[in-house]
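J.: sequence and predicted structure are below.
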Amino acid sequence: MSHAATNWAIQQRGLSPVTKLVLWHLCDRHNPDYGCFPSQDQLAADVEISRASLNVHLEKLESAGLIHRQRRHSEDTHRRKSTRYLLAFEPEFGRNPCPESGHGKGQKPCPDFGESHVQNLDTNLVREPVTTTARDAGASGDLETACLEVCGPGLSDAARAEITSTGEVIGGWIAAGYDPTADILPTLAERTKQKRDSPIRTWDYFTPAIAQRHARRIARAATGERAGEAGAGGSVSAPDPAADPLIRLAAWINSGTYIPPSAVSTSQRNALLAAGLVTEATLRARQIY
């Protein structure tokens, strides 16, 4: 890891969040003495995107003049070796005697290995940027990428690089039943519209707000169902004045933070379950019986 490299990556402007994240992880793999040689598999795993998507963002970085890929081969066997990624702040950047590989002077012209050796390994050969919609983000396993893309200036560049170390929180959101389109992404966009004095360093910062939005959405759906039953000839009770406190209580329970079991009465427990704001499993996990 090179602090000079990662600091340089953070200072770059005009990149999309995912492209900048690729650059940051490249710099995180940079060794000041030996250079940057991460494998495609390792880099894709670091950024949590597919190799096909990774190559799209690498091409963007190379087009922007921030990196240069040196495709190397063995002089004896002519077998391909790991690609070296030259970063624009390195002294060697720009020395490119060999247009095909970037090898130094005095070497024989390198054989034609083609533009990219990963094209035969990937099933997705699309070269244009792959768009991940909010609806299929959870199913594709690329939800964190979608989360980063919807965040505004309230999530600074430094925070974007740091917050990815808490990616397991996003898995917890999905496990809790929060919907990416209806609950997660709108909350992130709303909470990061304005710049902040104190940086957001963990995805868990958003958990209470996501839980509250989820609880309100479920409550509105339950109210709509009851109204539909009334329209079909049934009857619906008058609005409960305790509805808002109940929603706030559900958000507290669903947020995963500590809640004393004595804070929830038996009548509140029954009301929460009747409204569908919490599950019985969640209550038992909080030792609320």
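T.: Looks like it came in fine. Numbering: from 1, shown residues only.
J.: beyond the helix or strand of the chain with the lowest mean pLDDT, next helix or strand please.
T.: Taking mean pLDDT, DSSP states H and E as the measure, the chain has helix 134-140 as its least confident helix or strand, at a mean of 40. For helix 134-140, the following helix or strand on the C-terminal side (DSSP states H and E) is helix 143-150.
J.: residue 185 contacts residue 146, doesn't it?
T.: Yes: assessed by Cβ atoms under 8 Å, residue 185 is found in contact with residue 146 at 6.4 Å. Where C-beta positions appear, they are placed from N, C-alpha and C, glycine not excepted.
J.: more crowded one of those two?
T.: Neighbours around residue 185 and residue 146, counted as other Cβ atoms under 10 Å, are more numerous at residue 146. The numbers are 25 against 22.
J.: just the pLDDT for the more buried one.
T.: pLDDT recorded at residue 146 is 87.
J.: OK, contacts around residue 170?
T.: 143-144, 147, 184, 203 (Cβ atoms under 8 Å, 6 or more residues apart in numbering).
J.: at 10 Å instead, please
T.: 48, 137-138, 143-144, 146-147, 164, 178, 180, 184, 203-204, 206 (Cβ atoms under 10 Å, 6 or more residues apart in numbering).
J.: need the three-state assignment for it.
T.: At residue 170 the chain is in helix, as set by DSSP: H, G, I helix; E, B strand; the rest coil.
J.: need the phi and psi values for residue 66.
T.: Phi and psi for residue 66, reported as degrees, to the nearest 10, are phi -100, psi -20.
J.: and for the closest residue to it other than its chain neighbours, the neighbour number?
T.: Distances taken as Cβ to Cβ, 6 or more residues apart in numbering place residue 88 nearest to residue 66, at 5.0 Å, with adjacent residues excluded. Residue 88 is flanked by 15 other residues according to other Cβ under 10 Å.
J.: run through the strands of this protein in chain order.
T.: Taking DSSP state E as the criterion, the chain carries its strands at 67-70, 84-87.
J.: most packed of those strands?
T.: Highest mean neighbour count of the strands of the chain: strand 84-87, a mean of 21 (counted as mean count of other Cβ atoms under 10 Å).
J.: just checking, residue 255 touches residue 210?
T.: Yes: using Cβ atoms under 10 Å, residue 255 is in contact with residue 210, at 8.3 Å.
J.: overlap of the contact sets of these two?
T.: residue 176.
J.: what about those two, which has more around it?
T.: Neighbour comparison, residue 255 and residue 210: the larger count goes to residue 210, with 24 against 19 (by other Cβ under 10 Å).
J.: low-confidence ranges in the stretch 1-150 of the chain?
T.: 1-2, 74-75, 77-78, 94-141 (pLDDT under 70).
J.: what about 90?
T.: 1-11, 13-21, 24-56, 62, 68-84, 86-146, 149 (pLDDT under 90).
J.: swap in the stretch 151-289 of the chain?
T.: In the stretch 151-289 of the chain, residues with pLDDT under 90: 157-162, 164-183, 204, 207-289.
J.: so how far is residue 248 from residue 61?
T.: Look at residue 61 and residue 248: by Cβ to Cβ, to the nearest Å, they are 45 Å apart.
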